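> have a look at this fold, sequence not included:
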């Protein structure tokens, strides 16, 4: 527009501003050249400081001193910062194409002959490359709303057994079109979730076997059809699933797998990998066994940052990434946990899990319960057979989940965090906990001897429950609002009664403890204030009742049997089968469960995998 003042940005194909140029209005003059009469038009020339425009014919242009004197000071300073030299003494010619959608036109700065030595090569103004093609979702990413009221009943849908080694991880695409499983046999298999309802088959659609080693972790790249896989040979591969079709038709064609990026390290095994986007960065974050956490930017094609854990914490075993991408929590083989600030890439604090053992897994706690915060994490550790939920702001234990093997409750293990490691390395902090006077064994020793170790954790967003799986080959659903409504999803023998569940408040340490009691035919407790219910730890008041919920003003939050029909009756022996021949195989897992996930389409289902190489889908 004639006489207007413009502020234009030079934008590359990556949609990132490279340089900002202020285009002031050209001085109106009856003898102005046609090419320079309109400021910002093709062929217009401006002074480097933004002062001046098309030079009228027959008149001398302004002197260098007057031109630079009238230029805005900030622009002169920024020019030297961008191009490494003072502002040129000659105008810079700008060729501005017709306006179009940002990102589809590249605005170029073309230096004049006298300014070419100052600006140098135009290659310095090239925008960074676009991120690699990670695949486009067929529909919007699912939010998990259909999972809030979903309760898996343990009905087996399919049994997938192509892997030749333990299955370590399972991930589901954001549009639920497929899910992927990684195994110690070095392969990642892609399974069509639509085949769980129509044209049911137990064969995988694709197999990725180019990585080698043992696959230790998987992660879906955000809002894409690409998978990031970590291996114990020190490599991370990002590959895209080539899939075409329509979700409504239920017919999809899987054309193959394309490798997007490979990363290799000499720092031992890669224990975990994750992917998230932050600003313009597309980061693949992975932790190595020797304590380093790397972030590779798929867009810039370079390493964004690296964080180092101290050697006296032990080997890195797991990590958890905040859904809001503000922090990362790392766990070690000696039970130390370090919270890192992703804004400044610095460690905030370090503490030790009271179990003093290896941290198996850590995930963000995303259940929707009263008092829950974004800073809560679920942690599974050796020496504390169960799961603890911690608030990283304190840090303090807020919830604990454990399985009892006997009706007589053992001493409650401590949930008080321990201090950071000493500067001298491996010292007296590894000394076993001494049992208190009068106790037959310490709480830590009891938990180490039990079989309630849980390594598979899942906290669906917006739900009121969590799911756990472990060495006892069972998947449990823990109801956080009504503890007695918790149950075993799969793994219970048909000739056994269902276990009982309860919860009490550990007033001394401020944690709510959820417990599973043995599957014996014991009547549900009933009583009033001050009555100690069976299974409640000594010294803790308990309330029992058939209501199955939290009771205000009491230490016990819920206790009872679920359901009442099976709690007060002896075990029912299995009926004699008329089938001749070998018995039918059990639908339950035969080895420890390693990972669990939920899928929403074609309808809500539970996916579990185990160390025997089997993947099962339940509804």
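Great, that's in hand. Quick caveat: nothing in here was measured; it's all calculated off a predicted structure.

> I'd say residue 318 and residue 353 touch.
No: with contact defined as C-beta atoms under 8 Å, residue 318 does not reach residue 353; the gap is 11.8 Å. For the C-beta atoms, the positions are set from N, CA and C on the backbone; glycine is no exception.

> which SSE is immediately downstream of the helix or strand that contains residue 257?
In the assignment (DSSP states H and E), residue 257 maps to strand 251-264. Going down the chain from strand 251-264, the next helix or strand is strand 270-278, by DSSP H and E.

> may I see the buried residues of that following strand?
Across strand 270-278, burial judged by 16 or more other C-beta atoms under 10 Å covers 270, 271, 272, 273, 274, 275, 276.

> same question for stretch 258-266.
Using 16+ other C-beta under 10 Å as the burial criterion, the residues of stretch 258-266 that qualify are 260, 261, 263, 265.

> mean confidence for it?
Stretch 258-266 carries an average pLDDT of 89.

> what's in contact with that stretch?
Stretch 258-266 has contacts (C-beta atoms under 8 Å, 6 or more residues apart in numbering) with 132-134, 210, 226, 234-240, 242, 284, 286, 288, 292, 294, 296, 298.

> lowest-pLDDT helix or strand in this protein?
Across the helices and strands of the chain, mean pLDDT, DSSP states H and E gives its lowest value to helix 443-449, namely a mean of 35.

> could you point out which element follows that helix?
Later in the chain than helix 443-449, the nearest helix or strand by DSSP H and E is strand 454-458.

> does anything pack onto that next one? Which helices or strands?
Packed against strand 454-458 by the contact rule (3 or more C-beta pairs under 8 Å, 6 or more residues apart in numbering; DSSP states H and E) you find strand 359-364, strand 376-381, strand 384-391, strand 465-470, strand 593-599.

> give me that answer again for 10 Å
Under the contact criterion of 3 or more C-beta pairs under 10 Å, 6 or more residues apart in numbering; DSSP states H and E, strand 454-458 touches strand 359-364, strand 376-381, strand 384-391, strand 396-403, strand 465-470, strand 475-479, strand 593-599, strand 605-610.

> that strand to strand 465-470, inter-axis angle?
With axes from the mean of the first three to the mean of the last three C-alpha atoms, to 10 degrees defining the directions, strand 454-458 sits at 150 degrees from strand 465-470.

> and strand 454-458, which strands flank it?
strand 465-470 (antiparallel) (DSSP bridges).

> what pLDDT, on average, does the partner strand get?
The pLDDT scores in strand 465-470 average 95.

> then stretch 481-496?
If you average the pLDDT over stretch 481-496, you get 87.

> buried ones in that stretch?
The neighbour-count check on stretch 481-496 (16+ other C-beta under 10 Å) flags 481, 482, 483, 484, 485, 486, 487, 488, 489, 490, 491, 492 as buried.

> would you mind measuring the gap between the ends of it?
26 Å (C-alpha to C-alpha, to the nearest Å).

> about what we covered before: ChimeraX command to pick out the buried ones of the contacts of stretch 258-266?
The buried residues among the contacts of stretch 258-266 can be selected in ChimeraX (16+ other C-beta under 10 Å) with this line:
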select :132,134,226,234,235,236,237,238,239,240,284,286,288,292,294,296,298
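
> can you give me the strands in the stretch 451-600 of the chain?
Using DSSP state E, counting those that start in this stretch, the strands found in the stretch 451-600 of the chain span residues 454-458, 465-470, 475-479, 487-490, 500-506, 511-517, 556-560, 593-599.

> now the ones you listed in JSON lines, with distance to residue 190?
Listed next are these as JSON lines, based on distance: least, C-beta to C-beta, whole Å:
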{"stretch": "strand 454-458", "distance to residue 190": "21"}
{"stretch": "strand 465-470", "distance to residue 190": "22"}
{"stretch": "strand 475-479", "distance to residue 190": "23"}
{"stretch": "strand 487-490", "distance to residue 190": "24"}
{"stretch": "strand 500-506", "distance to residue 190": "37"}
{"stretch": "strand 511-517", "distance to residue 190": "35"}
{"stretch": "strand 556-560", "distance to residue 190": "42"}
{"stretch": "strand 593-599", "distance to residue 190": "14"}
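
> worst mean pLDDT among these?
Note on the strands of the stretch 451-600 of the chain: strand 556-560 shows the lowest mean pLDDT, a mean of 47.

> which residues touch residue 133?
Applying C-beta atoms under 10 Å, 6 or more residues apart in numbering, we find residue 133 in contact with 224, 225, 226, 240, 258, 260.

> nearest residue to the last one other than its sequence neighbours?
With C-beta to C-beta, 6 or more residues apart in numbering as the criterion, residue 260 has its nearest non-adjacent residue at 4.4 Å, and that residue is residue 238.

> ok but the one you found is inside a strand, no?
Yes: counting by DSSP: H, G, I helix; E, B strand; the rest coil, residue 238 falls inside a strand.

> now it: how far from residue 258?
From residue 238 across to residue 258, the span is 10 Å (C-beta to C-beta, to the nearest Å).

> show me the shaky parts of the stretch 501-619 of the chain.
507, 519-585 (pLDDT under 70).

> which residues do residue 318 and residue 353 both contact?
331, 332, 337, 359, 362, 379, 380, 381.

> what about the fourth one, how many residues nearby?
Okay, so that is residue 359. For residue 359, the neighbour count with other C-beta atoms under 10 Å is 27.

> which residues sit in contact with the closest residue to residue 468 other than its chain neighbours?
Leaving aside its sequence neighbours, residue 468 sits nearest to residue 454 (C-beta to C-beta, 6+ apart; 4.4 Å). Applying C-beta under 10 Å, 6+ apart to residue 454 gives the contacts 360-361, 378, 380-381, 384-387, 401-403, 467-472, 474-476, 592-593.

> lovely, talk soon.
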